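**Student:** only geometry, no sequence info:
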């Protein structure tokens, strides 16, 4: 799509991946984030808070497309996300910009079998119900012809560090950080059930593909990802990329989260979605692949690239023999 692309939440994983993809495609980009960050030449970076309506309007001014990749800690979701959704929609309406929303899969709840865009929304907790409400807010804006909106969904991220740091996703906290430091890696729930994981550079590429596809708007899309992988397999590939034998700790069980949740609200909140790691969690992206193709990097290659970016490559970083 011609014109300015604006990325909200650019110092996070998905937002940073979109910025990198825009640079690769030589598309004009403006990025908003709350942290000090360095982006490639040609990216206009604005440090500011998207919760401030004046900042949001200013950043979105002149945009052809806006990517909503902002996330906040679980404890702030209910207070922050609905209001933020309305403000992003208003800024896009004033700018005449299309909106691509980065979403997760909490609204579906526990599912037997692959999850498609048509899977009923049967969330089991407040976070999942909130995500379903946000879906309606965004799609209603499209139906009412206020803003052209599409929603993209992906399962847990992993990939190179973002401009805002190494990230707080599952793979970063439980696998990459400890493995690079020479410690045991672990997982949530079960080590041996398949789980769809999304490689961040693929997420960035596929989000921009959606933005450049007029027929994508007004719909929900699952982003293509490599085949589902177990936690054990993922950890083994990380250690393989590091050139070491795997060191795997005891997975985090529900009772552990309950105990830890007495001291940490964030850990207590994780229990709502632990079902995703206790049973197969398979995301079906056939709709995207059939309509738009999509880019998917095999896990082994993606993990090698991730480890190299985190660690400088085997033999060049902390804890590497």
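**Tutor:** Everything's here; your move. Source: prediction; values computed, not measured. Numbers count the residues shown, from 1 in each chain.

**Student:** The residue lying closest to residue 278 once chain neighbours are set aside - how many residues pack around it?
**Tutor:** Excluding the flanking residues, the one nearest residue 278 by Cβ to Cβ, 6 or more residues apart in numbering is residue 189, at 4.2 Å. C-beta: built from backbone N, CA, C; applies to glycine. Close neighbours of residue 189, defined as other Cβ atoms under 10 Å, add up to 21.

**Student:** Residue 189 and residue 281 touch, don't they?
**Tutor:** No. Checked against Cβ atoms under 8 Å, the pair residue 189 and residue 281 is beyond contact range at 9.4 Å.

**Student:** List the contacts of the residue nearest to residue 278.
**Tutor:** Counting by Cβ atoms under 8 Å, 6 or more residues apart in numbering, residue 189 makes contact with 231, 251, 252, 253, 254, 274, 275, 276, 277, 278.

**Student:** any idea how far residue 244 is from it?
**Tutor:** 24 Å (Cβ to Cβ, to the nearest Å).

**Student:** hang on, the earlier thing: narrow the contacts of residue 189 to those that are buried.
**Tutor:** Among the contacts of residue 189, those classed as buried by neighbour count (16 or more other Cβ atoms under 10 Å) are 231, 251, 252, 275, 276, 277.

**Student:** how close does the first one sit to residue 246?
**Tutor:** Put plainly, it is residue 231. Using Cβ to Cβ, one obtains 11 Å as the distance from residue 231 to residue 246.

**Student:** what about the helices in the stretch 151-300 of the chain?
**Tutor:** Per DSSP state H, counting those that start in this stretch, the stretch 151-300 of the chain carries helices over the ranges 170, 177-180, 200-211, 231-242, 254-260, 265-270, 275-278, 286-292, 299-311.

**Student:** Poorly predicted segments of the stretch 151-300 of the chain, please.
**Tutor:** The stretch 151-300 of the chain contains residues with pLDDT under 70 at 163-168, 259-267.

**Student:** try 80
**Tutor:** Regions of the stretch 151-300 of the chain meeting the criterion pLDDT under 80 cover residues 162-168, 255-269.

**Student:** re the thing from before, report the separation between the residue nearest to residue 278 and residue 120.
**Tutor:** From residue 189 over to residue 120 (counting by Cβ to Cβ), the distance is 23 Å.

**Student:** next one: residue 160
**Tutor:** Note on residue 160: its distance to residue 120, by Cβ to Cβ, is 35 Å.

**Student:** Who has more neighbours out of those two?
**Tutor:** Neighbour count, other Cβ under 10 Å: between residue 160 and residue 120, residue 160 has more, with 20 against 8.

**Student:** Mind listing what's buried along stretch 234-245?
**Tutor:** Applying 16+ other Cβ under 10 Å to stretch 234-245 flags 234, 235, 236, 237, 238, 239, 241, 242 as buried.

**Student:** Can you tell me which of the helices of the stretch 151-300 of the chain is packed in deepest?
**Tutor:** Of all the helices of the stretch 151-300 of the chain, helix 200-211 carries the top mean neighbour count, a mean of 25, counting by mean count of other Cβ atoms under 10 Å.

**Student:** Other residues contacting it?
**Tutor:** Applying Cβ under 8 Å, 6+ apart, the contact partners of helix 200-211 are 1, 5, 13-14, 16-22, 25, 27, 65, 67, 98, 100, 102, 150, 152, 154, 157-160, 162, 216, 221, 223-225, 288, 292-297, 302, 305.

**Student:** List the ones among the residues you listed that fall in strands.
**Tutor:** Of these, the ones assigned to strands by DSSP state E are 5, 65, 67, 98, 100, 102, 150, 152, 157, 158, 221.

**Student:** Return the entry from those with the maximum number of neighbours.
**Tutor:** residue 67 (30 neighbours).

**Student:** Verify the contact between that one and residue 4 for me.
**Tutor:** No. Look at residue 67 against residue 4 with Cβ under 8 Å: they stay out of range, at 11.6 Å.

**Student:** and residue 92, what does it touch?
**Tutor:** Residue 92 sits in contact with 60, 63, 66, 98, 99, 147, where contact means Cβ under 8 Å, 6+ apart.

**Student:** swap in residue 33?
**Tutor:** For residue 33, the contact set (Cβ under 8 Å, 6+ apart) comprises 9, 10, 11, 12, 15, 45, 46, 47, 48, 163, 164.

**Student:** Give me the pLDDT for it.
**Tutor:** What the model reports for residue 33 is a pLDDT of 94.
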